[in-house]
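*Asks:* Kindly return the folded structure for what I paste below:
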Amino acid sequence: MQASDSKLVIKGDDFVEFSNGVYCDSLELASGPDKKKVGEEARSRGMAWACCGMRGWRQNMEDASLMLPKGYLSGDWRDSALFGVFDGHGGEQVARFVVRRLPQVLADIPGHDAETALREAYLRLDEMLRQPAVAAELREMTLPGNEPQESAETCGTTAVCCLIQDNEMTLSHVGDSRAVLCRQGQAVALTVDHKPELPEETHRIEAAGGFVQEGATAMGSGKEYRVNGGLNLSRALGDLRYKSDPKLKPSAQLVSAVPDTKRVQWQHDMDEFVLLASDGVWECVTNQQAVNFVRTRLPPPGSRKGLQPVLAELLDMCCASTPAQRGGLGCDNLTVVLIRFEVRLGHLEFCSAMLLCACVCL
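*Replies:* From the prediction side, this is the model:
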């Protein structure tokens, strides 16, 4: 670890590509964590939701989140609610672009097969990032004081989404942002992190002419694996430098934008809530630890007490006191979305009154 007057430099998952093709895996951290929280919460008949995000030790906030209750999507998806967490890397621009564009892209896809629609939406977004006209929009997505990005070549994002329709939800994800269901107090993983060392991911990477390189994690606390020695994810939106072979389909590129999807039927007498979170959370707690932490602190259904303070407490617990405290873990951006089922009988219905709010946390 290297110290300076205003920042710390440790190994991490942001990379700078030099002309000789070598990657530098140094990550600049602030001299102390920024624990200011950004978020929102709302409640409708049978359901409540909240989001909370924190920059933590990182110099910039690259996470984003999305919460759209019923009535905010259009087209064939007007009766659906959409929630998501997006963990940007190489800049915040692609994550923010996806949050802005996903609702409209989804609305333009006809039909009622949520898995097919979400899969198509991810691919359309990834294709949009190749268009020259998007450069100005990516530049617009840059937060004040940050370096502008006009290309998705070296900038990308994870994407975990939950689309809710009546008695079921559909999950879609690329990357290592994760969805976990609390079912009678037990954590049920709804997604599997897309990491290069997974056999099917390694097979695709090698078939595309690439390789998976093993190396040390931040501050040597363990092992991790990277595509061509660079990205430590095997699927993402953006990161177009890993998707440059015109002979290969999107599903066969070094890094794929094709999401895994999963449809889950509600078990109304058992299912309590869903957590969507970036890997800054999951590198610090297991699925069950996160469920236990939230479940024991949630106010009773219908209570005037909010949900967001519980999420803020979770993020504070995950944020390291010093970069060395957990071997570098707990130094990432932290974002979590909670979807709570407050009535578990009949259909989950959403009221259309003005009590509802749409929230985009950028």
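*Asks:* Provide the secondary structure category for Arg226.
*Replies:* The three-state label given to Arg226 by DSSP: H, G, I helix; E, B strand; the rest coil is strand.
*Asks:* swap in Asp76?
*Replies:* Classification of Asp76 by three-state DSSP places it in helix.
*Asks:* can you check Gly280 too?
*Replies:* Three-state assignment for Gly280 (three-state DSSP): helix.
*Asks:* wait, what's in contact with it?
*Replies:* Shown in contact with Gly280 (C-beta atoms under 8 Å, 6 or more residues apart in numbering): 56, 63, 87, 318, 330, 332-335. C-betas here are computed from N, CA, C, even on glycine.
*Asks:* and Gln213, what does it touch?
*Replies:* Residues near Gln213 by C-beta under 8 Å, 6+ apart: 225-226, 228-229.
*Asks:* follow-up on the earlier one: who wins for most neighbours among the contacts of Gly280?
*Replies:* Ranked by neighbour count (other C-beta atoms under 10 Å), the contacts of Gly280 have Leu334 at the top, with 34 neighbours.
*Asks:* Now name the helix or strand holding Ile164.
*Replies:* strand 159-165 (DSSP states H and E).
*Asks:* What's the first helix or strand after that strand?
*Replies:* Later in the chain than strand 159-165, the nearest helix or strand by DSSP H and E is strand 168-174.
*Asks:* and that following strand, what does it pack onto?
*Replies:* helix 114-128, strand 159-165, strand 260-265 (3 or more C-beta pairs under 8 Å, 6 or more residues apart in numbering; DSSP states H and E).
*Asks:* quick one: which two of the contacts of Gln213 are the most distant?
*Replies:* Farthest-apart pair in these is Tyr225 and Asn228; separation 10.9 Å (C-beta to C-beta).
*Asks:* gap between Thr153 and Leu102?
*Replies:* Not quite, residue 153 is Glu, not Thr. As judged by C-beta to C-beta, to the nearest Å, Glu153 and Leu102 stand 21 Å apart.
*Asks:* Look at the two and report which has more neighbours.
*Replies:* Leu102 (24 against 18).
*Asks:* picking that back up, pLDDT added to the contacts of Gln213, as JSON lines?
*Replies:* Shown next, in JSON lines, are the contacts of Gln213 (pLDDT from 0 to 100):
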{"residue": "Tyr225", "pLDDT": "95"}
{"residue": "Arg226", "pLDDT": "96"}
{"residue": "Asn228", "pLDDT": "96"}
{"residue": "Gly229", "pLDDT": "94"}
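*Asks:* so which of the contacts of Gly280 comes closest to His268?
*Replies:* The closest of the contacts of Gly280, once distances to His268 are taken by C-beta to C-beta, is Thr335, at 27.9 Å.
*Asks:* List the contacts of Ala114.
*Replies:* The neighbours of Ala114, taking C-beta under 8 Å, 6+ apart as the test, are 80, 163, 165, 170, 261, 263.
*Asks:* how deep is the closest residue to Glu214 other than its chain neighbours tucked in, by neighbour count?
*Replies:* Spatially, and ignoring its direct neighbours in sequence, Glu214 is nearest to Tyr225 (5.5 Å; C-beta to C-beta, 6 or more residues apart in numbering). Using other C-beta under 10 Å, Tyr225 is surrounded by 18 other residues.
*Asks:* quick one on the thing from earlier: which one of the helices and strands packed on strand 168-174 lies nearest to Asn146?
*Replies:* Nearest to Asn146 among the helices and strands packed on strand 168-174 is strand 159-165 (20.7 Å), distances taken as C-beta to C-beta.
*Asks:* Parallel or antiparallel, list what pairs with that closest one.
*Replies:* strand 81-89 (antiparallel), strand 168-174 (antiparallel) (DSSP bridges).
*Asks:* between it and helix 114-128, how big is the angle?
*Replies:* Here strand 159-165 runs at an angle of 140 degrees relative to helix 114-128 (axes from the mean of the first three to the mean of the last three C-alpha atoms, to 10 degrees).
*Asks:* chain center to strand 159-165, what's the gap?
*Replies:* The chain centroid and the centroid of strand 159-165 are separated by 11 Å under C-alpha atoms, centre = their mean, to the nearest Å.
*Asks:* If you average the pLDDT over it, what comes out?
*Replies:* Strand 159-165 shows a mean pLDDT of 97.
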